[in-house]
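> sequence first, predicted model second:
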Amino acid sequence: MSEAKQKTVHIRRAAYDAVVCDAAVEALFAAVPAAARIGAQTKILLKPNLLAKHAPEAAVTTHPAVVGAVIRACKARGAKAENITLADSSGGVYTPGQMKSIYKASGLAAVCEAEGVACYTACETGVRAVENGRVVSEFELLRPVLEADFIIDLPKFKTHVMTGMTAACKNLFGTIPGLKKAEWHMRFPDKDRFGEMLIDLLETVRPDMAVMDAVVGLEGDGPAGGEPRTVGLLLAGEDLPNLDLACAALMGLAPMSVPYLAAAHRRGLCAEAFDAADLAGDTDAFLPVAGW
């Protein structure tokens with residue numbers, strides 16, 4: 001990435017109870033240096049994982065308690081509700097009606113309405129060139145991605161049938177509109193080259209920070225298949241590949257078996273495995289999830 005990213009991964013015990021979740025998210029925002037750049041005029045994009053119409057308890061999508069806590073942490077730093085936008089695209093058709101139904105089913109429409117924050121449904125896109133891309137020269141992206149001053153990635157802690165894991169880096173695939181995702185899968189059927197594409201996307205979207213919803217994760221044939229598993233954690237950081245290395249460690253996955261982490265390592269964007277010296281916060285909670 002063009003700017004230096006602090007490698008520290010901050011970890012907090014958490015639950016979906018509003019008081020507990022708000023306290024954990026506020027602690028993470030206070031610890032991540034990038035959050036200090038948020039102010040009254042900052043145009044903020046929140047990018048959750050909204051794969052399709054799933055209720056929060058299915059553990060497929062980013063939980064509304066986490067999203068609400070993040071919105072309130074942004075407001076605590078002076079951000080105005082009208083300058084905060086939540087946006088994603090599903091894996092199917094990208095239309096206003098489809099997105100409204102997904103926001104509603106996931107519980108995010110209600111939390112955004114309560115906080116005065118817009119759920120993006122205009123479904124407009126634009127093109128951004130990729131600087132020094134390995135396999136891609138440009139991406140078509142959601143309009144709010146192109147217009148944001150500050151992007152907060154809000155992934156869900158899940159395993160994935162193709163990439164082994166879907167976490168902070170993989171969550172950015174949702175910045176590509178609807179059925180365009182299928183075109184990228186067809187263009188890069190090889191897992192290694194698909195991983196390279198995801199790192200080109202990471203370097204193009206350039207999120208400022210990520211907050212990982214690992215309170216309840218999904219273990220099995222993700223991104224939608226599997227069983228919810230309580231992990232009880234939130235993780236945050238500026239360096240998304242290093243955050244995902246931490247997630248791989250929690251899952252007990254060999255990190256270089258995750259194609260996009262292997263691609264990031266080849267580019268010098270992350271190590272081969274997570275270094276516990278990069279961890280801060282509730283470090284005693286950083287233990288592999290039994291039976292994952």
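Perfect, I can see it now. Residues are numbered from 1 along each chain as shown.
> other SSEs contacting the helix or strand of the chain with the lowest mean pLDDT?
Counting by mean pLDDT, DSSP states H and E, the chain has its least confident helix or strand at strand 164-166, which shows a mean of 86. When contacts are defined as 3 or more CB pairs under 8 Å, 6 or more residues apart in numbering; DSSP states H and E, strand 164-166 sits against strand 156-160, helix 240-251. No exception for glycine: its C-beta is placed from N, CA and C like everyone else's.
> A65 is in what secondary structure piece?
Using DSSP states H and E, A65 sits in helix 64-76.
> next, count neighbours for the nearest residue to D213 once chain neighbours are set aside.
In space, and not counting its chain neighbours, D213 is closest to V66: 4.6 Å by CB to CB, 6 or more residues apart in numbering. Neighbourhood size, V66 [other CB atoms under 10 Å]: 26.
> can I assume V66 is in contact with V215?
Yes: contact criterion CB atoms under 8 Å: V66 and V215 qualify, at 7.1 Å.
> overlap in contacts of these two?
Overlap of the contact sets of V66 and V215 (by CB atoms under 8 Å, 6 or more residues apart in numbering) consists of 16, 21, 234.
> which one (most neighbours) among these?
L234 (27 neighbours).
> pull up the gap between the nearest residue to that residue once chain neighbours are set aside and A105, please.
Closest residue in space to L234, ignoring its immediate chain neighbours: A14 at 4.4 Å, by CB to CB, 6+ apart. According to CB to CB, to the nearest Å, A14 and A105 sit 23 Å apart.
> likewise V20?
Taken as CB to CB, the span from V20 to A105 is 24 Å.
> what's the answer for A248, then?
29 Å.
> between those two, point out the one with more neighbours.
Neighbours were tallied for A248 and for A105 using other CB under 10 Å; the higher tally belongs to A248 (21 against 17).
> related to what we said a few turns ago, which of the shared contacts of V66 and V215 sits closest to D153?
When these are compared for distance to D153 (CB to CB), L234 wins out at 13.0 Å.
> tell me the angle of the host helix or strand of the closest one relative to helix 64-76?
Per DSSP H and E: L234 is located in strand 227-237. If you take axes from the mean of the first three to the mean of the last three CA atoms, to 10 degrees, strand 227-237 sits at 20 degrees to helix 64-76.
> in its sheet, which strands sit next to strand 227-237, and in what direction?
Strand 227-237 has its sheet partners listed here by DSSP bridges as strand 9-13 (antiparallel), strand 209-219 (antiparallel).
> can you say which of these is nearest to T166?
So among these, strand 209-219 is nearest, using CB to CB, at 8.9 Å.
> which residue ranges of the stretch 51-200 of the chain form strands?
84-86, 118-119, 125-129, 138-142, 150-154, 156-160, 164-166 (DSSP state E, counting those that start in this stretch).
> tabulate the ones you listed (TSV), appending mean neighbour count and distance to D284.
TSV is the format used below for the strands of the stretch 51-200 of the chain (neighbours: other CB atoms under 10 Å; distance: least, CB to CB, whole Å):
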stretch	mean neighbour count	distance to D284
strand 84-86	24	33
strand 118-119	20	37
strand 125-129	13	41
strand 138-142	19	39
strand 150-154	25	25
strand 156-160	25	19
strand 164-166	24	23
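> nearest to A31, of those?
strand 150-154 (14.4 Å).
> now the closest one - C-alpha only, CSV.
The C-alpha trace of strand 150-154 is given here as CSV (Å, rounded to 0.1, in the frame of the first residue of the first chain):
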residue,chain,number,x,y,z
PHE,A,150,-12.0,7.0,5.1
ILE,A,151,-12.9,3.3,4.6
ILE,A,152,-13.6,0.9,7.5
ASP,A,153,-13.7,-2.7,6.5
LEU,A,154,-16.1,-4.8,8.7
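> what sits against the closest residue to V211 other than its chain neighbours?
Once flanking residues are discounted, V211 sits nearest to A236: 4.6 Å by CB to CB, 6+ apart. A236 makes contact with 9-10, 28-29, 31-32, 209-212, 243, according to CB under 8 Å, 6+ apart.
> and the nearest residue to A264 once chain neighbours are set aside, what does it touch?
Closest residue in space to A264, ignoring its immediate chain neighbours: P241 at 4.1 Å, by CB to CB, 6+ apart. Residues near P241 by CB under 8 Å, 6+ apart: 169, 202, 261, 264-265, 269-270.
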